[in-house]
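Participant: Coordinates for the following, if possible.
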Amino acid sequence: MSELRGISTFEVPLYWHRIAELLLPVIDLPGVDNTLEDVRHFLHTGAMQAWHVDWKTIVVTTITPYGANPQQPTKRVCQIVYCAGTDMPAWLDDVVEHLSRWARTQGCQKLRITGRKGWTKVLPDFVETCVTLELDVCK
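Facilitator: Below is the predicted model of the structure:
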């Protein structure tokens, strides 16, 4: 069983070098809008949350409220924003279970991930609802 451990906001500066090292391959992918510095800021302020599995895998989440009143949202979704690491078969089920439980405690109705098509193969309980495509209009 793989243990997913949360990294608190006060630990972000202490472990930033480890977090950044794991995130860099994802942040460097085409189409990723945030920089490492953006993610560091979001983690430090609590806008995003960081989790790790034995410092071999990093998961970054954010909670998005929906509805006209952010103080009393009609829906909350825990979004997996970034996920990077090694040996996915060893930790994926445990991570999804842990994040699902945590998201419920935060008042979320859904756990969501947007990513490459390959995620549909490894997360069979998730339903594919759309594919995101992008057109560069500045060419």
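Participant: Identify each buried residue in the helix of greatest length in the chain, please.
Facilitator: When the chain is scanned for its longest helix (criterion: DSSP state H), the result is helix 88-105. The neighbour-count check on helix 88-105 (16 or more other CB atoms under 10 Å) flags Trp91, Leu92, Val95, Val96, His98, Leu99, Trp102, Ala103 as buried. Every residue, glycine included, has its C-beta placed from N, CA and C.
Participant: Tell me which other helices or strands it touches.
Facilitator: Using 3 or more CB pairs under 8 Å, 6 or more residues apart in numbering; DSSP states H and E as the contact test, the elements touching helix 88-105 are strand 49-53, strand 57-66, strand 75-85, strand 110-113.
Participant: make it 7 Å
Facilitator: Helices and strands in packing contact with helix 88-105 are listed as strand 57-66, strand 110-113; criterion 3 or more CB pairs under 7 Å, 6 or more residues apart in numbering; DSSP states H and E.
Participant: State the mean pLDDT of it.
Facilitator: Averaging pLDDT along helix 88-105 gives 92.
Participant: how many degrees apart are it and strand 49-53 in direction?
Facilitator: Taking axes from the mean of the first three to the mean of the last three CA atoms, to 10 degrees, one finds helix 88-105 and strand 49-53 inclined to each other by 140 degrees.
Participant: residues in contact with Ile7?
Facilitator: With contacts taken as CB atoms under 7 Å, 6 or more residues apart in numbering, Ile7 has the following neighbours: Tyr15, Ala50, Trp51, His52.
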